[in-house]
Each structure stands twice: as structure tokens, then as C-alpha cells.
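Chemist: Build me a model:
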Amino acid sequence: MVYNVPNIITYFRIALIPCLVLVFYLPELSLDMHQKNMWATFLFILAAISDWLDGYLARKLNQSSKFGAFIDPVADKLIVIAALLLLLDLDRVNSIIALIIIGREFAISALREWMATIGKPGGVAVAYIGKLKTGFQMAAIICLLYFDNIAYIPISLIGDFLINLAAILTIVSMGFYLRAAIKS
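Modeler: Down below sits the predicted model:
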């Protein structure tokens, strides 16, 4: 295990996962649902910021490592999957949408692993469509965790729209990655 600043931030992001989950399982006497939504949203945004920060610092401090390249996407997938399972449990996301997004994460990870075993580890590089999908997915999860209206803005409806858009982009990006792998 490599201990450098970016990896410590990644470990912190992984440690946020049980905190995110536990927020919704605290008794109603300690936090009402609005407070749970706010805390969960805060923790998820903190995780998203730490994801950006660890990558930035790895480049800036020249502290990239093979372990960091492995653990960072694992942490990303774990936090997204945990959030989606919470949202599924709270009936804030459709099970088909969650399965599409989670299934794609496993499929792309398996595809990258397979490409590495055949000697083409860069055969499934991150593409713009994948980054776009991630942006919509993160925004959707934030909205669906928060869920409450802000003034008269229906945050839950915005989250529903964004998660559906993310699911469409998930399917499109999966096709892109499969095509790239076939050509490699």
C-alpha cells in the first residue's frame, strides 16, 4: 500500500462510504429526514471534491502510483454504488436505472482487466462521453440525495431527469468502450 497525499485522500473517500450509509439509518430522534438528506448530500459532495483533489495533487505533486491508479477508480465506483443502493432503498431511483449504471461499472472494469491480460491495458481509455456521463450521474445523485425543494425548485425532479440522462449516456458510453476494445 502506498501512502502519499493523493492516496490518503482516496482512503478518506472510502471511509466516507459507511458515514454516508449510516446517516440514513440514524434514528429519527437524532436527525429528521431533511437533516439526513443534507448530511448525505454534504458527504457525497465531499467525496466528489476529494476525487478531484486526489487526481489534481497526484499530478501537481508528481505522486502518481500504480496503486493510486488502481484504488482511485475503485473508490469512485464504491461511493457511487453505495449512493445508488441508498437511493434505491429510499425509493428515489428506479431499479432498472440503478442496474444499468452499476452493471456498466462492473462491465467496464472487467473489460479493462481483460484488455490488460491480453497486453492492451490502454485499450479502454477514458473518453469524453464517459466524463460527461459521470458529470450528469454525480449531479443526479446529489439532487436525489438532497431530494427536498430549494425555494420552489423541485430538486427531486431535476435529479430524476439527470439520472435518466446519465443512464442513457451510460449505455452510449458502454457502446463506445466496447467498440474501442474491439478495435484494439
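Chemist: so how far does stretch 56-64 reach from one end to the other?
Modeler: Separation of the first and last residues of stretch 56-64 by Cα to Cα, to the nearest Å is 10 Å.
Chemist: Nearest residue to Cys19 in space, please, no chain neighbours.
Modeler: Leaving aside its chain neighbours, Cys19 sits nearest to Leu43 (5.6 Å; criterion: Cβ to Cβ, 6 or more residues apart in numbering). All C-beta spots, glycine's among them, are computed from the backbone N, C-alpha and C.
Chemist: That neighbour: how many residues sit nearby?
Modeler: Leu43 has 20 neighbours, counted by other Cβ atoms under 10 Å.
Chemist: Now name the helix or strand holding it.
Modeler: Leu43 belongs to helix 33-60 when assigned by DSSP states H and E.
Chemist: so how far is the following helix or strand past that helix off the chain centroid?
Modeler: As assigned by DSSP H and E, the chain's next helix or strand after helix 33-60 is helix 66-89. Mean C-alpha position of helix 66-89 versus that of the full chain (Cα atoms, centre = their mean, to the nearest Å) differs by 5 Å.
Chemist: where in the protein is pLDDT low?
Modeler: Under the criterion pLDDT under 70, the flagged ranges of the chain are 1, 120-126.
Chemist: which residues sit in contact with the residue positioned nearest the centre of it?
Modeler: Centroid check for the chain by Cα atoms, centre = their mean gives Val80 as the closest residue, at 3.3 Å. Val80 sits next to 101, 105, 137-138, 141 when contact means Cβ atoms under 8 Å, 6 or more residues apart in numbering.
Chemist: which residues touch stretch 147-166?
Modeler: Residues contacting stretch 147-166 (Cβ under 8 Å, 6+ apart): 34, 37, 92-93, 97, 101, 133, 136-137, 139-144, 146.
Chemist: again, 7 Å this time
Modeler: With contacts defined as Cβ atoms under 7 Å, 6 or more residues apart in numbering, stretch 147-166 is touched by 34, 37, 92-93, 97, 101, 133, 136-137, 139-140, 143-144, 146.
Chemist: domains for the protein, by residue range?
Modeler: 1-91, 93-184 (automatic domain parsing).
Chemist: If anything else comes up later, I'll come back, but that's it for now.
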